[in-house]
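> Let's see this in three dimensions:
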Amino acid sequence: MANLSLGEVFKDIRYYMPARVIPALVTFVSIAIFTRLLSPEEYGLYTLVIITISIVSTLAFRWLEDAVLRYFEEHEESASLPLLLSTVILTFLPIVLIISAGWFTSVLVFKFKPHLTILLLVGTITLFMQAGYSLILTINRAARNAHKYTYYAVIQSICTLLIAWYLIYSLHWNATAILLATAIASGVVFLYEIIYFVKRYQIKLSLFSFQLVRNLAIYGFPLIGVSIGMLVLASIDRYMIQYFKGAIEVGVYSAGYRIADSGTNIIYMMVMLPGVPVIYQTYEQKGKLETVQLLEKLIEINIAIMLPIFCGVFMLSKDVIKVLLGGSFQGASYVLTWVTGGCFCFALAQYFYKPLELKKTTKYVLYLILGAATLNIIFNFILIPKLGGRGAAISTFLAYTVCLLGAWLLGNRTFNLRIRWNRVWKLVISAIGMMFVLMLVLPNWQPGISRLVLKVIIGVVSYVTLLIILREDNIMQVIRKLTNALQN
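Below you'll find the model as predicted:
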């Protein structure tokens with residue numbers, strides 16, 4: 001029966017794939033362009049502003065988004081979606097207005113450097129529109145409206161790049177252009193969808209429910225701490241590098257970090273985006289046993305895909321940095337391997353603590369994330385003064401590894417969730433074999449795009465070949481399906 005639920009995930013992946021792949025490719029192009037048009041210091045200041053926007057948005061709105069994902073299926077089955085969406089949207093709008101006004105006032109009151117002040121003022125618009133855009137995507141994701149989700153994600157990313165490039169290259173703007181472009185592209189989607197929701201679901205004040213807000217808050221508020229902990233894990237290092245080493249080091253580190261994070265997120269979120277609604281649906285309709293089977297299968301699939309990516313980045317980090325980043329950012333190669341390994345661990349951790357969310361015992365997820373975040377801060381305090389950005393990258397990996405171990409223990413205790421080592425060992429052997437192949441081929445070629453492309457192709461082919469030789473279950477199922485399709 002779990003195969004039926006897994007089939008639902010793969011069916012939605014076909015639609016979500018462009019929503020992850022295209023924006024990720026746009027991100028790589030953006031990094032390549034902006035690190036050639038902006039200095040490391042300018043890019044570092046932009047990074048600090050956009051991370052601050054993420055932290056504020058998470059504090060104010062993430063609880064609402066998580067609650068929408070959890071309760072959408074329940075309200076859809078009871079035909080009470082107008083009640084849910086009216087309450088959610090009419091809760092969101094006054095909060096976003098108050099938060100944006102507070103942001104703008106704070107920038108005027110506190111004395112920042114002139115250039116940073118301009119970035120923060122423009123960030124007011126970005127905060128407002130980006131928060132609305134994120135809520136719109138969450139609602140479409142909860143509704144499993146993959147087509148619309150994909151369309152908006154692709155359009156927003158491409159428009160942001162084009163507008164920012166025009167403002168920087170043609171009008172000679174600085175990093176302010178990226179913030180304004182993000183606000184424009186996100187705002188168009190947000191305003192259009194709000195108008196659509198009002199008409200489609202008859203959003204009105206009379207449907208607003210204080211009791212429902214209370215229920216959403218009881219579920220979502222503990223997850224604010226989880227989300228903040230995630231942001232601390234992913235972002236606090238930028239502030240600490242700024243404190244100990246300055247904006248230039250922040251810019252170099254951030255460029256490398258974003259490549260690693262975006263690259264792993266292509267795969268992780270491509271499965272997680274359609275997977276979470278199906279997990280909730282499976283638990284509500286089919287119970288614990290089938291949900292456990294589905295989660296274990298998804299964990300195995302993530303290992304099968306992300307482990308070779310980590311190993312490939314370990315071998316090809318200098319080639320990646322040479323191709324994607326400008327000359328002033330070439331020192332970022334040290335970031336890729338450590339951060340990619342950390343992202344791999346954290347992706348698995350989110351599957352292992354999913355049973356706690358299903359059982360609505362999210363306080364334990366909060367303890368786990370805050371514990372890992374605290375360790376990250378301690379590691380950063382020790383390592384950044386000595387090693388700079390390299391110390392931050394190592395701290396990220398160590399903290400995410402601790403988070404994975406804790407999530408594994410919690411998931412196993414709650415749902416008896418485990419890794420099926422009798423299958424995973426074949427994936428590990430194949431990934432290690434791929435590394436040896438990459439070590440031996442093209443040793444005398446200079447790092448560049450041609451060597452990178454060839455090595456990626458060779459790596460993929462060698463990994464898949466080793467899986468076939470070891471007769472790994474998932475790859476053999478794919479081969480059987482392809483064979484049957486060709487025969488028919």
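> switch to C-alpha atoms for all contacts and neighbour counts from now on
Fine.
> how much space between I321 and A32?
According to CA to CA, to the nearest Å, I321 stands 9 Å off from A32.
> For the helix or strand hosting Y268, could you pull out the residues that count as buried?
Assigned by DSSP states H and E, Y268 falls within helix 247-286. By 16 or more other CA atoms under 10 Å, the buried positions in helix 247-286 come out as 247-283.
> Let me know the next secondary structure element after it.
Immediately after helix 247-286, counting by DSSP H and E, sits helix 288-324.
> Check which helices and strands the helix or strand just after that next one sits against.
Downstream of helix 288-324, the first helix or strand assigned by DSSP H and E is helix 333-352. If you count contacts as 3 or more CA pairs under 8 Å, 6 or more residues apart in numbering; DSSP states H and E, helix 333-352 packs onto helix 247-286, helix 288-324, helix 389-415.
> Who are the packing partners of the helix holding Y268?
Judged by 3+ CA pairs under 8 Å, 6+ apart, the packing partners of helix 247-286 are helix 2-37, helix 40-77, helix 114-142, helix 210-244, helix 288-324, helix 333-352, helix 389-415.
> mean confidence score for it?
The pLDDT scores in helix 247-286 average 79.
> now it and helix 210-244, what's the angle there?
Using axes from the mean of the first three to the mean of the last three CA atoms, to 10 degrees, the direction of helix 247-286 lies 150 degrees away from that of helix 210-244.
> Next, the buried residues of stretch 288-299.
290-299.
> ugh, wrong one, stretch 396-413
For stretch 396-413, the neighbour count (16+ other CA under 10 Å) marks 396-408, 410-412 as buried.
> Let me know the pLDDT of I305.
On pLDDT, I305 comes in at 85.
> With the one 10 residues further on instead?
What the model reports for M315 is a pLDDT of 88.
> What count of nearby residues applies to it?
18 (other CA atoms under 10 Å).
> I'd like the distance between it and K455.
Distance from M315 to K455, by CA to CA: 10 Å.
> Now do the shared contacts for these two.
L438 (CA atoms under 8 Å, 6 or more residues apart in numbering).
> just checking, F310 touches G341?
Yes - here F310 lies in contact with G341, judged by CA atoms under 8 Å, at a distance of 5.9 Å.
> Would you mind finding the most buried of the helices and strands packed on helix 247-286?
Among these, judged by mean count of other CA atoms under 10 Å, the one packed with the most neighbours on average is helix 333-352 (a mean of 25).
> Quick check: next helix or strand after that helix?
Next in sequence after helix 333-352, counting helices and strands by DSSP H and E, comes helix 354-358.
> List the contacts of that next one.
Here helix 354-358 makes contact (CA under 8 Å, 6+ apart) with 280, 283, 362, 364-365, 410-411, 414-415.
> Could you check the angle the helix or strand that it is followed by makes with helix 210-244?
For helix 354-358, the following helix or strand on the C-terminal side (DSSP H and E) is helix 362-387. Going by the same axes, to 10 degrees, helix 362-387 is angled at 10 degrees with respect to helix 210-244.
> buried set for helix 362-387?
Within helix 362-387, the residues scored as buried using 16+ other CA under 10 Å are 362-373, 375-377, 379-381, 383-385.
> Quick one: mean pLDDT for that helix?
Mean pLDDT, computed over helix 362-387, is 88.
> ok, now stretch 102-121?
On average, stretch 102-121 scores 91.
> hmm, back to that, out of the contacts of helix 354-358, name the two that are farthest from one another.
Y283 and Y364 (19.4 Å; CA to CA).
> Rebuild the helices and strands packed on helix 333-352 as CSV, extending it with distance to M434.
Below are those laid out as CSV (distance: least, CA to CA, whole Å):
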stretch, distance to M434
helix 247-286, 18
helix 288-324, 8
helix 389-415, 22
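> Those: which one's closest to V441?
V441 lies closest to helix 288-324 among the helices and strands packed on helix 333-352, at 11.4 Å (CA to CA).
> Report the distance from that closest one to the chain centre.
14 Å (CA atoms, centre = their mean, to the nearest Å).
> go on, stretch 127-137?
15 Å.
> What mean pLDDT does that stretch get?
Averaging pLDDT along stretch 127-137 gives 94.
> And for stretch 426-437?
92.
> Give the buried residues for that stretch.
If you call a residue buried by 16+ other CA under 10 Å, then stretch 426-437 has these buried ones: 426-428, 430-435.
> So which of these are in helices?
426-428, 430-435 (DSSP state H).
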